[in-house]
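A.B. asks: A predicted structure for the sequence below; I have some questions about it.
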Amino acid sequence: MKVVILSSALTAASAFAPSISKLCNTRLFSTEEDTIAAPVDGDAATEPSVPEIIPINGWVPDEALPLYGLPGALPPTGYFDPLGFSRDGISLDDVKRTREAEVMHGRVAMLASVGYLSGEAVSGPFNIVGPANDQLQQMPLPAFAFLTAAIAAAELKRATIGWVEPDFGKWYETLFKLRDNYYPGDVGFDPLGLKPSDPKEFADMQTRELQNGRLAMLGVAGMCAQELVNHRTIMETFNFYQKVYSGVNPYEGCG
């Protein structure tokens with residue numbers, strides 16, 4: 001009877017004892033790594049490093065600054081954006097694209113302001129005369145086709161330099177997106193070597209270009225509007241009002 005009770009007790013106790021097969025490692029199913037914890041490398045435990053931002057012409061985008069820190073603001077207006085083209089919440093790519101448009105339109109306007117005056121003063125090889133607004137339709141067809149092809153080639157070249165190649169499978173991510181390493185307006189065309197290497201000097205030159213471009217856009221808009229109203233060249237209008245303010249009848253001598 002005692003033997004039966006003792007064997008029953010041992011059987012019950014074995015149910016709460018750890019399994020020997022779980023404590024012992026066999027050469028077939030375990031190695032030393034199962035019992036010895038591998039040391040943790042200090043570098044692996046650290047957080048992944050943030051990719052380094054490479055400055056573009058000395059400019060590093062800063063969300064805390066207006067327009068991400070792009071140059072172009074001068075006293076007395078300072079940062080002037082009444083329509084909110086670069087308000088808080090606008091993405092960096094949208095800001096760069098807006099600045100790209102401003103720089104390029106400013107350059108075209110500066111050329112146009114010179115073209116209005118020189119084109120009206122000199123007839124040129126095709127004997128084109130009259131207000132600049134009316135000169136385009138006077139161009140011979142081959143010359144007009146060449147001009148159109150040249151403009152298209154320049155725009156396509158600029159697109160390949162500054163824009164990401166569109167992926168029509170993900171058009172909403174790549175369409176109208178500028179390259180990350182592209183500075184707005186810097187297409188690499190500098191035949192006279194005027195681009196400064198110093199970041200501060202580059203920012204100053206960029207500000208001067210922007211200010212002159214903005215003035216040129218306003219000036220060309222005024223010249224275009226004036227010629228649409230009176231259909232006279234810029235100098236003809238200038239001479240007309242010079243006589244008016246000098247007290248001379250501008251219509252004297254007219255038939």
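C.D. replies: Now that the structure is in, tell me what you want to look at. Numbering: from 1, shown residues only.
A.B. asks: contacting residues around Arg97?
C.D. replies: 176, 178, 184 (C-beta atoms under 8 Å, 6 or more residues apart in numbering). (C-beta placed from N, C-alpha, C; glycine too.)
A.B. asks: quick one: which of those residues is nearest Thr207?
C.D. replies: Pro184 (13.3 Å; C-beta to C-beta).
A.B. asks: what pLDDT does the closest one get?
C.D. replies: Here, the pLDDT recorded for Pro184 equals 96.
A.B. asks: ok, it - contacts?
C.D. replies: 70, 96-97, 99-100, 103, 162, 178.
A.B. asks: now for those residues, which pair is the farthest apart?
C.D. replies: Farthest pair in the contacts of Pro184, by C-beta to C-beta: Leu70 and Gly162, 15.0 Å.
A.B. asks: where does this structure have low pLDDT?
C.D. replies: For the chain, residues meeting the criterion pLDDT under 70 lie at 1-53, 255.
A.B. asks: ranges for the helices of it?
C.D. replies: With helices called from DSSP state H, the chain shows them at 2-14, 20-23, 42-45, 92-121, 141-162, 171-174, 199-230, 234-245.
A.B. asks: nearest to Pro55, out of those helices?
C.D. replies: So among the helices of the chain, helix 199-230 is nearest, using C-beta to C-beta, at 7.2 Å.
A.B. asks: so who does Lys195 touch?
C.D. replies: 202, 205.
A.B. asks: ok, it to Pro71 distance?
C.D. replies: Per C-beta to C-beta, to the nearest Å, Lys195 is found 14 Å from Pro71.
A.B. asks: just give me the neighbour total for Leu147.
C.D. replies: Neighbouring residues of Leu147 were enumerated by other C-beta atoms under 10 Å; the total is 12.
A.B. asks: surely it touches Met139?
C.D. replies: Yes. In terms of C-beta atoms under 8 Å, Leu147 counts as a neighbour of Met139; the distance is 7.2 Å.
A.B. asks: which residues touch the residue nearest in space to the middle of the chain?
C.D. replies: In the chain, the residue lying closest to the centroid (C-alpha atoms, centre = their mean) is Lys96, at 2.4 Å. Contact partners of Lys96, counting by C-beta under 8 Å, 6+ apart, are 178, 182, 184.
A.B. asks: just give me the neighbour total for the second one.
C.D. replies: By other C-beta under 10 Å, the residues close to Tyr182 number 16.
A.B. asks: report the contact partners of it.
C.D. replies: Taking C-beta under 8 Å, 6+ apart, one finds 56, 96, 161-162 in contact with Tyr182.
A.B. asks: got the buried residues for stretch 79-89?
C.D. replies: Ser86 (16 or more other C-beta atoms under 10 Å).
A.B. asks: how far off centre is it?
C.D. replies: 15 Å (C-alpha atoms, centre = their mean, to the nearest Å).
A.B. asks: quick one: contacts of that stretch?
C.D. replies: 66-68, 73, 95, 98.
A.B. asks: for the residues you listed, give me JSON lines that also has neighbour count and distance to Pro191.
C.D. replies: Putting the contacts of stretch 79-89 into JSON lines (neighbours: other C-beta atoms under 10 Å; distance: C-beta to C-beta, whole Å) gives the following:
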{"residue": "Pro66", "neighbour count": "17", "distance to Pro191": "33"}
{"residue": "Leu67", "neighbour count": "21", "distance to Pro191": "29"}
{"residue": "Tyr68", "neighbour count": "18", "distance to Pro191": "29"}
{"residue": "Ala73", "neighbour count": "15", "distance to Pro191": "29"}
{"residue": "Val95", "neighbour count": "20", "distance to Pro191": "29"}
{"residue": "Thr98", "neighbour count": "17", "distance to Pro191": "27"}
